[in-house]
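Participant: Pasting a predicted model and its sequence here:
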Amino acid sequence: MGTFLKKLGEAELEIMQVVWDSENPVTSNYILKELQGRRRWQLSTLMTSLARLADKGFINCDRSTGSNLYTSVISENEYKSGASKHFLEKLYNNSIQNMIATLYNNREIKNSDIEELRDFLDELEDE
């Protein structure tokens, strides 16, 4: 993917999650409704964030229908794989092993997690 995508803030990520989860283009009111319960947002706050996301190249706003319809430009997988790669490079010298070791040594992951990971890796090799 070359240059890393601009990072999403926590609130922006929540907005993107709503857009990603929807099959169709969504309105700002739909996003606001989906976010309710998680954030006490005014429509104006959301509009500011949507404009910022459009500037960053994450979403596209279609104004042709009279109501703004938002669609994602970048898929969830694309973002997550870029963000994960960036995270690994920055914090763990690009080593998944370093990351797992750190989490394990700090008791953040349990033996059952290791088993799960081992099964997953075995399945990958079998494919």
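Facilitator: Everything's here; your move. Residues are numbered from 1 along each chain as shown.
Participant: pLDDT below threshold where in the protein?
Facilitator: 1-5 (pLDDT under 70).
Participant: hmm, 50 instead?
Facilitator: Residue ranges of the chain with pLDDT under 50: 1-3.
Participant: how about the strands in it?
Facilitator: Taking DSSP state E, the strands of the chain run over residues 59-62, 69-72.
Participant: Output the first one in CSV with nothing but the alpha carbons.
Facilitator: I take that to be strand 59-62. Below are the C-alpha coordinates for strand 59-62, written out as CSV (Å, rounded to 0.1, in the frame of the first residue of the first chain):
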residue,chain,number,x,y,z
ILE,A,59,-15.2,8.7,2.5
ASN,A,60,-16.9,10.2,-0.5
CYS,A,61,-20.0,12.5,-0.2
ASP,A,62,-22.5,12.3,-3.0
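Participant: That strand: how far from the chain's middle?
Facilitator: Distance, stretch centre to chain centre, for strand 59-62: 17 Å (Cα atoms, centre = their mean, to the nearest Å).
Participant: Identify all contacting residues around that strand.
Facilitator: 16, 19, 25, 50, 53, 54, 68, 69, 70, 71, 72, 73 (Cβ atoms under 8 Å, 6 or more residues apart in numbering). In this view, the C-beta of every residue, glycine as well, is placed from N, C-alpha and C.
Participant: how about the helices of the chain, start to end?
Facilitator: Using DSSP state H, the helices assigned to the chain run over residues 10-21, 28-35, 43-55, 76-92, 96-105, 111-126.
Participant: Dump those into TSV; add distance to residue 61 and mean neighbour count as well.
Facilitator: Supplementary listing: the helices of the chain in TSV, determined by distance: least, Cβ to Cβ, whole Å; neighbours: other Cβ atoms under 10 Å:
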stretch	distance to residue 61	mean neighbour count
helix 10-21	11	17
helix 28-35	9	17
helix 43-55	6	15
helix 76-92	18	13
helix 96-105	37	13
helix 111-126	38	10
